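**Q** Give the three-dimensional model of this entry:
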Amino acid sequence: MVGGKFLEWPVIRQFRSGDVLGRGPAVTSPHTRAIEPRTSTADRVVQSVCPYCAVGCGQRVYVKDEKVVQIEGDIDSPISRGRLCPKGAASEQLVNSPGRQTKVLYRAPRATEWKHLDLYTAIDMIADRFVQSRRNTWQDHDEQGRLLRRTMGIAALGGATLDNEENYVIKKLFTAAGAIQIENQARI
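**A** The predicted model follows:
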């Protein structure tokens, strides 16, 4: 065996370099030393909050060429102190997934195919149906004459990828509309 190669064996490197326990540079390969983190090439870092639950863990979003390249825990966050759960750690996939829907899809009653709709057309359709359902199912009083002011024809389920503020506004909207069946996926 050639002497140079023998001297590069990890155990030999440990003793030769003084890194006897093998916790330092003696056990890292040239390949490992050449690796750079994705975050080092980012154009900017944006502070954010994890969208998955009500805890509100801080995130650092690394952006390069206007595209999210990495999301990590924010060490300055007093809530999570740089840690993220598995969902939070995978939230980069929420934005960059090739299967992510970015256009409104609509399937008409009894139709077998989905079609794309303009966002404003979809919003108008939803608003019309919301108002009509509320009008058709409104209950002012019960059988004993007690005041109700509610609708049982509308329910809301907030998503775990919405932040607390968005879910709060949705809760206020549906409560003001008279809905009483209001829940959040993050809490279920």
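**Q** quick one: the helix or strand encompassing R33 to chain centroid distance?
**A** Assigned by DSSP states H and E, R33 belongs to helix 30-34. The chain centre lies 32 Å from the centre of helix 30-34; the measure is CA atoms, centre = their mean, to the nearest Å.
**Q** In the chain, where is pLDDT below threshold?
**A** Scanning the chain for pLDDT under 70 picks out the ranges 1-4, 6-7, 163, 186-188.
**Q** Show me which strand runs longest in it.
**A** strand 147-158 (DSSP state E).
**Q** and the next element down the chain from the helix holding R33?
**A** Downstream of helix 30-34, the next assigned helix or strand under DSSP H and E is strand 44-49.
**Q** returning to that earlier point: the longest strand of the chain: which residues count as buried?
**A** Going by neighbour count (16 or more other CB atoms under 10 Å), the buried part of strand 147-158 is R150, T151, G153, I154, A156, G158. Every residue, glycine included, has its C-beta placed from N, CA and C.
**Q** so the helix or strand that comes right after that strand versus strand 147-158, what angle?
**A** Using DSSP H and E, the next helix or strand after strand 147-158 towards the C-terminus is helix 164-176. Between helix 164-176 and strand 147-158, the angle comes out at 150 degrees (axes from the mean of the first three to the mean of the last three CA atoms, to 10 degrees).
**Q** from the chain's centre, how far out does helix 164-176 sit?
**A** For helix 164-176, the distance to the chain centre is 19 Å (CA atoms, centre = their mean).
**Q** Partner strands of the next helix or strand after that helix and their direction?
**A** The first helix or strand that comes after helix 164-176 along the chain, using DSSP H and E, is strand 179-184. Counting by DSSP bridges, the strands paired with strand 179-184 are strand 147-158 (parallel).
**Q** Please export the C-alpha coordinates of the partner strand as PDB.
**A** In PDB, the C-alpha atoms belonging to strand 147-158 read as follows (Å, rounded to 0.1, in the frame of the first residue of the first chain):
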ATOM      1  CA  LEU A 147     -84.000  34.500  20.100                       C
ATOM      2  CA  LEU A 148     -81.500  32.500  18.000                       C
ATOM      3  CA  ARG A 149     -80.200  34.700  15.100                       C
ATOM      4  CA  ARG A 150     -78.300  31.900  13.500                       C
ATOM      5  CA  THR A 151     -78.000  29.800  10.400                       C
ATOM      6  CA  MET A 152     -77.400  26.000  10.300                       C
ATOM      7  CA  GLY A 153     -76.800  26.100   6.500                       C
ATOM      8  CA  ILE A 154     -73.200  27.500   6.700                       C
ATOM      9  CA  ALA A 155     -70.200  25.900   8.400                       C
ATOM     10  CA  ALA A 156     -66.500  26.800   8.400                       C
ATOM     11  CA  LEU A 157     -63.400  24.700   8.700                       C
ATOM     12  CA  GLY A 158     -60.200  26.700   8.900                       C
END
